[in-house]
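Undergrad: fold the following, please.
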Amino acid sequence: DVCSSDLGSDTSGTLVINTHGQDRRFIHSIGANGEFTGEEITPELIAQCRILYVGGYCLMDALKADVLANVFQQARKANVTTILDVVIPKPGDYWPLLRPVLPFTDLFLPNDDEAREITGESSPQKQAEEFRRAGVGTVIVTCGKEGAILLSEHEALRSDCYRVDFVDGTGSGDAFTAGYIYGRLNNHDAAACLRYGSALGASCVRTTGATTGVFNANELEAFVESNDGFRLAELDFELRGPGDLLGTKQHGLPPLRIADLLRDSAVVAEARRDAQALVAADHGLALPEHKLLRRMRSEEHTSELQSH
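TA: As a prediction, the model looks like this:
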């Protein structure tokens with residue numbers, strides 16, 4: 001780890017004001033970030049990286065486009081993946097800052113508001129196409145509750161977002177980026193990385209604050225693992241309750257007596273795999289040893305129909 005200090009500068013800080021029914025307000029003091037020129041990223045540091053991420057670009061006046069382009073070019077030569085994120089503080093023409101850098105950027109991660117300000121396009125797909133034409137390897141435009149758009153030379157993906165109870169969006173974009181990077185570091189494909197990004201972003205918005213609710217690695221893996229074929233039963237289990245594992249109910253507290261789906265997520269994931277294997281071997285639960293399960297499923301469906 002490398003930390004540079006300047007006793008003459010304050011630490012950067014941001015006050016975020018959440019306003020009901022409106023976008024957030026930011027009061028920002030750039031502090032020591034205003035001293036960052038990019039020359040601090042030396043070839044020796046680059047050689048230690050698998051991924052080089054630069055965030056807050058376009059906000060830090062001392063970080064010049066030609067310097068960052070050179071840093072990214074060095075990273076490319078060292079087979080280090082380059083990732084760029086931006087902060088757009090006010091309306092303006094940001095292409096002079098971006099055009100020299102984007103051809104050396106493997107992954108560019110604006111949100112749709114930032115991308116609209118830069119490109120003038122309202123469609124996230126058209127925004128992504130514009131950045132691809134500027135030379136970016138892969139573009140991901142995050143779109144809040146509408147998910148994200150990914151565009152590269154060989155892939156065009158649109159992802160949904162995990163549905164959780166929204167409290168505060170502060171930090172969700174950074175959490176998405178961290179989740180995507182986590183997937184890349186673990187050699188997952190783009191679709192899987194989008195799932196990790198969306199999951200970590202979703203974890204962030206459940207509580208007030210930029211980092212308070214963010215999953216750790218084990219929680220992230222358990223959440224992504226549990227939100228596939230069984231997602232109707234397990235989606236949002238921390239916030240809404242896991243629903244009914246045998247029926248179609250998507251939320252509420254089930255009559256479980258042996259497990260907590262958040263605390264025991266690894267055990268639940270193992271049980272899910274066992275259940276999938278059982279259903280694959282005996283889809284209709286016709287074997288004598290599965291008689292009780294067959295009866296429980298029948299009673300559950302009958303109860304669900306009667307409730308409607």
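Undergrad: show me what contacts the residue nearest to G92 when sequence neighbours are not counted?
TA: Residue nearest to G92 in three dimensions, not counting chain neighbours: E117, with 7.9 Å by Cβ to Cβ, 6 or more residues apart in numbering. Just so you know, the C-beta spots here come from the backbone N, C-alpha and C atoms, and that holds for glycine as well. Residues in contact with E117 (Cβ atoms under 8 Å, 6 or more residues apart in numbering) are 88, 91-92, 94.
Undergrad: pLDDT value on E117, please?
TA: Looking at E117, its pLDDT is 96.
Undergrad: from the contacts of E117, list just the buried residues.
TA: The neighbour count (16 or more other Cβ atoms under 10 Å) marks 88, 94 as buried among these.
Undergrad: coming back round to it: the one helix or strand the residue nearest to G92 maps to: what's the following helix or strand?
TA: Using DSSP states H and E, E117 sits within helix 112-119. Next helix or strand after helix 112-119 toward the C-terminus (DSSP H and E): helix 124-133.
Undergrad: and the residue nearest to G135 when sequence neighbours are not counted, how many residues sit next to it?
TA: Spatial nearest neighbour of G135, excluding adjacent residues (Cβ to Cβ, 6+ apart): P103 at 3.3 Å. Applying other Cβ atoms under 10 Å, we find 14 residues neighbouring P103.
Undergrad: you'd agree P103 is up against A134?
TA: Yes. With contact defined as Cβ atoms under 8 Å, P103 counts as touching A134 (7.3 Å).
Undergrad: doesn't G21 fall inside a helix?
TA: No. Using DSSP: H, G, I helix; E, B strand; the rest coil, the assignment for G21 is coil, not a helix.
Undergrad: which residues are in contact with the residue nearest to G135?
TA: When contacts are counted by Cβ under 8 Å, 6+ apart, P103 touches 69, 134-136.
Undergrad: now the residues you listed in JSON lines, with secondary structure?
TA: Converted to JSON lines, the contacts of P103 look like this (three-state DSSP):
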{"residue": "A69", "secondary structure": "helix"}
{"residue": "A134", "secondary structure": "coil"}
{"residue": "G135", "secondary structure": "coil"}
{"residue": "V136", "secondary structure": "coil"}
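Undergrad: for H283, which residues are in contact?
TA: Contacts of H283 by Cβ under 8 Å, 6+ apart: none found.
Undergrad: which of the contacts of P103 has the most neighbours?
TA: In the contacts of P103, the most neighbours by other Cβ under 10 Å go to V136, 25 neighbours.
Undergrad: wait, it touches V101, no?
TA: No. Contact criterion Cβ under 8 Å: V136 and V101 do not qualify, at 9.4 Å.
Undergrad: quick one, helices of the protein?
TA: 43-47, 65-77, 95-98, 112-119, 124-133, 172-185, 190-204, 217-226, 231-234, 237-240, 265-281, 291-307 (DSSP state H).
Undergrad: for the nearest residue to E146 once chain neighbours are set aside, what are its contacts?
TA: Leaving out its chain neighbours, the residue that sits closest to E146 by Cβ to Cβ, 6+ apart is C161, at 7.3 Å. By Cβ under 8 Å, 6+ apart, the contact set of C161 is 144-148, 198, 201-202.
Undergrad: residues contacting R25?
TA: Residues near R25 by Cβ under 8 Å, 6+ apart: 16-17, 19.
Undergrad: still on that earlier bit, can you pull the pLDDT of the residue nearest to E146?
TA: 82.
Undergrad: now the residue nearest to G135: how far from G55?
TA: 19 Å (Cβ to Cβ, to the nearest Å).
Undergrad: surely L285 meets M296?
TA: No. L285 is beyond contact range of M296, at 9.4 Å (criterion: Cβ under 8 Å).
Undergrad: which of the two has more neighbours?
TA: Set side by side, L285 and M296 show more neighbours around L285, with 17 against 12, by other Cβ under 10 Å.
Undergrad: residues in contact with that one?
TA: 279, 291, 293-294, 297.
Undergrad: which stretches of this protein have low pLDDT?
TA: Low-confidence segments of the chain (pLDDT under 70): 1-7, 22, 228-269, 300-308.
Undergrad: hmm, back to that, ok, which of the helices of the chain comes nearest G8?
TA: Nearest of those to G8, taken as Cβ to Cβ: helix 65-77 at 21.4 Å.
Undergrad: CA atoms only: put that closest one into PDB for me.
TA: C-alpha atoms of helix 65-77 as PDB (Å, rounded to 0.1, in the frame of the first residue of the first chain):
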ATOM      1  CA  ALA A  65      -5.300  14.500 -19.500                       C
ATOM      2  CA  ASP A  66      -1.800  14.000 -21.000                       C
ATOM      3  CA  VAL A  67      -0.400  12.700 -17.700                       C
ATOM      4  CA  LEU A  68      -3.200  10.300 -17.100                       C
ATOM      5  CA  ALA A  69      -3.100   9.100 -20.700                       C
ATOM      6  CA  ASN A  70       0.600   8.300 -20.200                       C
ATOM      7  CA  VAL A  71       0.000   6.500 -17.000                       C
ATOM      8  CA  PHE A  72      -2.700   4.400 -18.600                       C
ATOM      9  CA  GLN A  73      -0.500   3.700 -21.600                       C
ATOM     10  CA  GLN A  74       2.300   2.500 -19.300                       C
ATOM     11  CA  ALA A  75      -0.300   0.200 -17.500                       C
ATOM     12  CA  ARG A  76      -1.400  -1.200 -20.800                       C
ATOM     13  CA  LYS A  77       2.200  -2.100 -21.700                       C
END
